[in-house]
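Colleague: okay, structure incoming, though there's no sequence with it:
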């Protein structure tokens, strides 16, 4: 393990080191801020077989990407380019087809648009293979022609990947540039983040390789997983599960150049823990950090307050959604102990969040995936350790 540990936070680093020693981690990085200052920036293990995780290693983070996508939308709303109360079709007229004219940006941002998937998606892509993830134009045409699965705005159903393609097309049309370009030039570069929505050429040697999770050993759990992640279930369709069923090849997909370089802003950000913690430190402080203001305090309040609180039919859990950011939903501690903390987890374990009440932000990335969509016991334990250290300092 290497990196920086502020005085008083040594127990967090010790726990991180234990995870590496016990093999719970193969390679990972963790970073945290408190009151706008870094308190942890540590890493260790292997980024790929035979290669050490270094200070400049970055990693694929699946849905942790959604926080960055939400921030781009927030930025454009702050500038008056977008308005979350307006229909998606106001920016993308073709989207109004087949009963979608009333779907607003807020519906998309809160996963209540009724479009968690699109018909016959396996003709284009799935999590069985990297093939097709770069066919953005065809995908957005399919989404524009799709019929909602339920009345928009009535309840949420996690839009695992369609979230990014819909918002990406709106941003492209209203903002005049791909969402990855806007994120890089308007957010990442001013704030000094090693983060990309769509990997550029030249950094591939820095990107860690994800490792597929081990399947459950309990037969009943395996049977339930097969049912939940079958391509015929709403969860399986939202996660673009392929003909093989399940997500056994998701790590291979995430490691591929095709996936990493595509415009899939719900799922393919490349980043490090340091950048996640820094981005959320900015949001936790009302849109400014180290003299750099990205968004206004007013928009941060608006975009991070609860908009939808209900049972999510895709995740099969109660969820609280702000505008693109997830909020603390139950006492599982993934975003710390406070109810107004917000951020986003990623499939396999990564997470980034801000807790304005405690003035804490947190980022975690890793290689070894776990078989969970939005909760990881490793990061939960590390988050709990950060808060325990904060309590000890008071």
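Modeller: Looks like it arrived, so ask away. Source: prediction; values computed, not measured. Residues are numbered from 1 along each chain as shown.

Colleague: give me the low-pLDDT residue ranges for this structure?
Modeller: Residue ranges of the chain with pLDDT under 70: 216-218, 220-227, 231, 330-332, 373-374.

Colleague: which strand in it has the most residues?
Modeller: Of all segments of type strand in the chain, defined using DSSP state E, the longest is strand 37-48.

Colleague: residue 52 versus the spatially most central residue of the chain, what's the distance?
Modeller: Note on the chain: the residue nearest the mean C-alpha position is residue 64, at 1.7 Å, using C-alpha atoms, centre = their mean. Distance, residue 64 to residue 52, by C-beta to C-beta, to the nearest Å: 23 Å. For every residue, glycine as well, the C-beta is placed using N, CA and C.

Colleague: likewise for residue 181?
Modeller: Separation of residue 181 from residue 52 (C-beta to C-beta): 32 Å.

Colleague: higher neighbour count, these two?
Modeller: Between residue 181 and residue 52, residue 181 has the larger neighbour count (other C-beta atoms under 10 Å), namely 17 against 13.

Colleague: now the phi/psi pair for the more buried one, please.
Modeller: With angles defined as degrees, to the nearest 10, residue 181 sits at phi -70, psi -40.

Colleague: please renumber the chain so that the first residue is 21 from this point on.
Modeller: OK, 21 is where the count begins now, so the last one is residue 201.

Colleague: which parts of the stretch 171-320 of the chain are helices?
Modeller: With DSSP state H, counting those that start in this stretch, the ranges of helices along the stretch 171-320 of the chain come out as 182-195, 199-203, 209-211, 239-248, 254-258, 270-275, 277-281, 293-304, 317-324.

Colleague: ok, longest helix in this structure?
Modeller: Using DSSP state H, we find that the single longest helix of the chain is helix 397-413.

Colleague: hang on, the earlier thing: give the buried residues for the longest strand of the chain.
Modeller: Residues of strand 57-68 classed as buried by neighbour count (16 or more other C-beta atoms under 10 Å): 58-68.

Colleague: isn't there a helix covering residue 51?
Modeller: No. Residue 51 is assigned strand when assessed by DSSP: H, G, I helix; E, B strand; the rest coil, not a helix.

Colleague: next up, the contacts around it.
Modeller: 58, 60-62, 292-294, 296-298, 382-384 (C-beta atoms under 8 Å, 6 or more residues apart in numbering).

Colleague: beta partners of it?
Modeller: residue 61, residue 383 (DSSP bridges).
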